[in-house]
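# how would this look folded up:
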Amino acid sequence: MTTMALGKAINAGLRCAMESDPKVVLMGEDIGKLGGVFRVTEGLQQEFGEQRVIDTPLAESGIIGTAVGMAMRGYRPVCEIQFDGFAYPAFDQIVSQVAKLHNRTKGDVKMPMTIRIPYGGGIGAVEHHSESPEAYFAHTAGLRVVTCSNAADGHLMIRQAIASEDPVIFFEPKRRYWEKGEVDEQASLESAPLHRARVVVAGTDVTIATYGPLVSTALAAASVAAEEGISLEVIDLRTLSPIDFDSLEASVGRTGRLVVAHEASVFLGVGAEIAARISERCFFRLEAPVLRIGGFSVPYPPAKLEDAFLPDADRILDAVDRSLAI
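Model prediction:
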C-alpha cells in the first residue's frame with residue numbers, strides 16, 4: 001500500500017495503463033509540458049514522449065473528434081477536458097458520435113476512449129470552472145459515466161475505464177485532488193467491479209447515497225450523527241451510468257430511509273432518478289419519502305457565495321432529521 005493524494009493516484013493509474021498498452025494515448029490542453037492545470041498528468045510526457053502525451057490546441061470539439069478517429073483505428077485515447085464548464089464545446093461530438101458509433105455500426109466499431117473531466121466546486125474558481133454536468137452525460141445512452149471519490153478508486157477506476165471497450169466519461173472531483181488515502185498499486189482490474197456501489201460506512205437508521213466530492217461530506221455528517229446516536233449508512237455510488245440500484249435497494253431494505261446528495265442542481269438531477277427508482281423498488285419498505293440534497297437551480301455563484309451553494313454536512317443532517325421525523 002502507498003499513501004498518495006487523489007490527483008497523484010490518477011497520475012499513477014494513467015502511467016500504469018500506458019505501460020501496459022502502447023495504444024493508450026493522452027490528449028488535452030496543457031497536459032504535457034505543464035502536466036495539466038491540476039498536475040494530474042505531470043511527468044507523463046517526459047516519460048512517454050510527445051507522441052503519446054499530446055498538448056492539443058484550445059479546442060475541445062477538436063480534441064474529442066480527433067480521439068474518435070484514433071479509437072476507430074485501434075488506439076485508446078484518454079482526453080482531458082480542462083474544466084467541467086469546457087465540456088460543452090465538445091458536447092456535440094460526445095453525444096452525436098462517441099455515444100452512438102458502436103450502435104450505428106451494428107457493433108463493428110468500438111469506442112474505447114476515456115474522457116476525463118474535473119468537476120464540481122469548492123476551489124474558489126470563476127464561472128465555467130465549478131460546474132457539475134454529470135446528468136447530461138448519464139442521460140445519454142451509449143456512455144458509461146463514473147466518478148471516483150478517493151485515491152484508491154482514482155487509481156483503479158481510471159485503469160478500468162481505459163480498459164473498457166465502451167466510451168467512459170470519467171468525472172474527477174477537483175476539490176478532492178489533494179486528499180490522501182491508501183492505494184494498492186498492484187490491484188488487479190477485477191479487484192472491484194467498475195460499476196458497483198460501495199458501502200463506505202454501515203448503518204441502520206438512514207441511507208445516504210452520494211458520489212464524488214460529497215462522499216467526504218457525507219462521512220463527516222455520519223460522524224456527527226453517530227455522536228447523537230443516529231446510525232447513517234453511507235453509499236458511494238461510484239458510477240452514474242449504469243447506477244447500481246441493487247446495492248441501493250439492499251441498503252434501503254436495512255434502513256427504510258434514503259437521502260440522496262450531490263452538488264449538481266436537485267432539479268432533474270441524478271438524485272431524481274434514484275428517488276424514482278427506489279420509490280418503485282422499495283415502496284413497501286420505505287418508512288419515509290426519499291429526500292434529495294443538492295445545489296440550487298441557479299447558475300453557479302461567485303466564489304464568495306459558493307459555501308452557501310454547496311451542500312454541506314449540516315444540510316445532509318437536516319434531511320436526516322426530516323426523514324426520521326416522518
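# what are the phi and psi angles of residue 208?
The phi/psi pair for residue 208 (degrees, to the nearest 10) reads phi -110, psi 110.
# so how far is residue 306 from it?
Distance, residue 208 to residue 306, using CB to CB, to the nearest Å: 22 Å. Every C-beta, even on glycine, is put in place using the N, C-alpha and C of the backbone.
# neighbour count winner among the two?
Between residue 208 and residue 306, counted using other CB atoms under 10 Å, residue 208 has the larger neighbour count: 32 against 17.
# Residues in a beta bridge with the more buried one, which ones?
residue 234, residue 259 (DSSP bridges).
# Equivalent analysis for residue 119, please.
On the basis of DSSP bridges, residue 119 is bridged to residue 173.
# how about it, what does it touch?
Contacts for residue 119 (CB atoms under 8 Å, 6 or more residues apart in numbering) come out as 84, 131-134, 147, 171-174, 212.
# what about 6 Å?
Going by CB atoms under 6 Å, 6 or more residues apart in numbering, residue 119 touches 84, 132, 171.
# Over to residue 58?
For residue 58, the contact set (CB under 6 Å, 6+ apart) comprises residue 29.
# ok, it to residue 29 distance?
Taking CB to CB as the measure, residue 58 falls 6 Å from residue 29.
# and what of residue 201?
38 Å.
# Of these two, give the one with the bigger neighbour count.
Per other CB under 10 Å, whichever of residue 201 and residue 29 has more neighbours is residue 29, with 21 against 16.
# hey, where'd the helices end up in the stretch 201-326 of the chain?
In the stretch 201-326 of the chain, the segments counted as helices under DSSP state H, counting those that start in this stretch are 214-227, 245-255, 270-281, 306-309, 313-325.
# How about the stretch 51-200 of the chain?
60-72, 91-93, 101-104, 134-138, 151-163.
# could I get these as CSV with mean neighbour count, mean pLDDT and distance to residue 317?
Formatted as CSV, those follow (neighbours: other CB atoms under 10 Å; pLDDT from 0 to 100; distance: least, CB to CB, whole Å):
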stretch, mean neighbour count, mean pLDDT, distance to residue 317
helix 60-72, 19, 97, 39
helix 91-93, 16, 97, 36
helix 101-104, 14, 94, 43
helix 134-138, 22, 97, 24
helix 151-163, 25, 98, 25
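# In a markdown table: those helices, plus distance to residue 313.
Below are the helices of the stretch 51-200 of the chain laid out as a markdown table (distance: least, CB to CB, whole Å):
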| stretch | distance to residue 313 |
| --- | --- |
| helix 60-72 | 35 |
| helix 91-93 | 33 |
| helix 101-104 | 41 |
| helix 134-138 | 21 |
| helix 151-163 | 21 |
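# Among those, which comes closest to residue 222?
Residue 222 lies closest to helix 151-163 among the helices of the stretch 51-200 of the chain, at 18.3 Å (CB to CB).
# where's the worst-scoring helix or strand of the chain on mean pLDDT relative to the chain centroid, distance-wise?
None of the helices or strands of the chain scores lower by mean pLDDT, DSSP states H and E than helix 306-309, at a mean of 92. Mean-position distance between helix 306-309 and its chain equals 21 Å (CA atoms, centre = their mean, to the nearest Å).
# Which members of the contacts of residue 119 are positioned in strands?
Those of these mapping onto strands are residue 171, per DSSP state E.
# which of the contacts of residue 119 has the most neighbours?
residue 171 (27 neighbours).
# got the contact list for it?
Applying CB under 6 Å, 6+ apart, the residues near residue 171 are 117, 119, 134, 147.
# hmm, try it at 7 Å
By CB atoms under 7 Å, 6 or more residues apart in numbering, the contact set of residue 171 is 117, 119, 134, 147, 212.
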